[in-house]
Every structure is written in C-alpha cells, then in structure tokens.
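**Student:** can you look at this prediction? I've put the sequence above it.
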Amino acid sequence: KERIAKLENLQKNYSVLSEAFGRNGMQALIIDSEKYQFLEIARELFSILSGGKMALQFETQKMLKKGGEKREDFELYLIIDGVKRELLQCSQGQQDLGRIVMRATLGIYYAQKTGGMMKTYFLDETTGSLDEMNRESYLKFLAYLNNHFQQIIVITHQDLGRVIPCRIEIDERRQLKVSS
C-alpha cells in the first residue's frame, strides 16, 4: 500500500510537470506576457514568407464552455482572404508556413531578449510543401533570418538555386559537393 501511494504521488507530480511544460502551460504564459512583441515578429515573418497574402494570429487564452472561465491555451490561426482559420483547418503547406514562422519567431525573440545574435538556426525539411511561388518568398524569408542569426543551416531535398552562399550538396550517389 505504501509503495502504491508513493507511485500515485509520483504520478501526480509528473502530471503537474507535464501540464506546466505542455502547450497550455508556461509557454502560453510566457507568450501571453510578451504577446505584442512576439506577434509583431511573427506577423513580419509571415508576411515575408507568404508574400503578404496571409496573416498570422494566435490566442493565448480560451473561454471555457462551462462557467465562462478563461484558461491558458495556445492556438494558431491563419487569416487567408479575410477568413480566420485554425491552423489545423488549413492546407499542409499553409500549416508548414505557420510552424516555420513560429519556430523562427521564437529564435528571434530569444535572441532579442538575451541582447545578442543567435549563432545558428536550423531549418530541417521546411521546403517540401513549397510551390514555385512560395519558393521566392522562402528565399526572402531566409535573407531576413540572416539578419538575426550568424549561420543558417537548411536541410532540404529541394534545389534552392544559387542564392545560398555556401552549400554542401549530397547527390543520389552520396557524392559530396561544397560550393561557396
């Protein structure tokens, strides 16, 4: 009985930690406290990445159906042709754009908060759902990120052309080619 009680207590502690570090926990509180600065960065990035065709919005509190109380939450919305949609109701490409922007926003935000430039920013397979029109916006987005990070590493199967100043390319035969 004593062991079961200890395990139940441990499970409760882990549940509290899980909630605190989950999407409705501290990250929502941090974003809520700095939401205007955070949103300004996110909107600028999203405007660049979407070519000004879409806007980004997020909410950090949600009204509960029962009792009319608010709770901490984090929901991303895209505004497309004036219509506000939850991120999960958008196309896969639009969802990818929203996620790319939020990750970059966090990096830029933390760089600004620490008073310096972050050294390295990784983008892994973020170009898979881009069409030709979005490709140009993506390259502008990378140029913008270059102002905030000393080095940007892009891992992709897409040919981004010669706009990336230093590239390490691996072809289908696993041959390495370094360009600078």
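**Tutor:** Done, it's in.
**Student:** drop to CA atoms for contacts and neighbour counts, all remaining ones
**Tutor:** Noted.
**Student:** pull the residues that contact stretch 100-113.
**Tutor:** The contact list for stretch 100-113 (C-alpha atoms under 8 Å, 6 or more residues apart in numbering) reads 38, 41-42, 45-46, 49, 117-118, 121, 126, 145, 148.
**Student:** state the mean pLDDT of it.
**Tutor:** The average of the pLDDT scores along stretch 100-113 is 85.
**Student:** CA atoms only: put it into CSV for me.
**Tutor:** The C-alpha trace of stretch 100-113 is given here as CSV (Å, rounded to 0.1, in the frame of the first residue of the first chain):
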residue,chain,number,x,y,z
ILE,A,100,8.2,27.6,-39.7
VAL,A,101,7.2,31.2,-38.7
MET,A,102,6.5,30.3,-35.1
ARG,A,103,9.9,28.5,-34.7
ALA,A,104,11.8,31.4,-36.3
THR,A,105,9.8,33.9,-34.2
LEU,A,106,10.9,32.0,-31.0
GLY,A,107,14.5,32.1,-32.1
ILE,A,108,14.5,35.9,-33.0
TYR,A,109,12.5,36.7,-29.8
TYR,A,110,15.0,34.9,-27.6
ALA,A,111,17.9,36.5,-29.4
GLN,A,112,16.4,39.9,-28.7
LYS,A,113,15.7,39.0,-25.1
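**Student:** count of neighbours near residue 60?
**Tutor:** Residue 60 sits with 21 neighbouring residues when counted by other C-alpha atoms under 10 Å.
**Student:** before we move on, what about residue 157?
**Tutor:** Number of residues near residue 157 (other C-alpha under 10 Å) recorded here: 14.
**Student:** hang on, it is in a helix, isn't it?
**Tutor:** No: in this structure, residue 157 is coil, not part of a helix, as judged by DSSP: H, G, I helix; E, B strand; the rest coil.
**Student:** touching, it and residue 125? I think so.
**Tutor:** Yes: with contacts counted by C-alpha atoms under 8 Å, residue 157 reaches residue 125, the gap being 7.3 Å.
**Student:** which of the contacts of stretch 100-113 has the weakest pLDDT?
**Tutor:** Lowest pLDDT among these: residue 117, 67.
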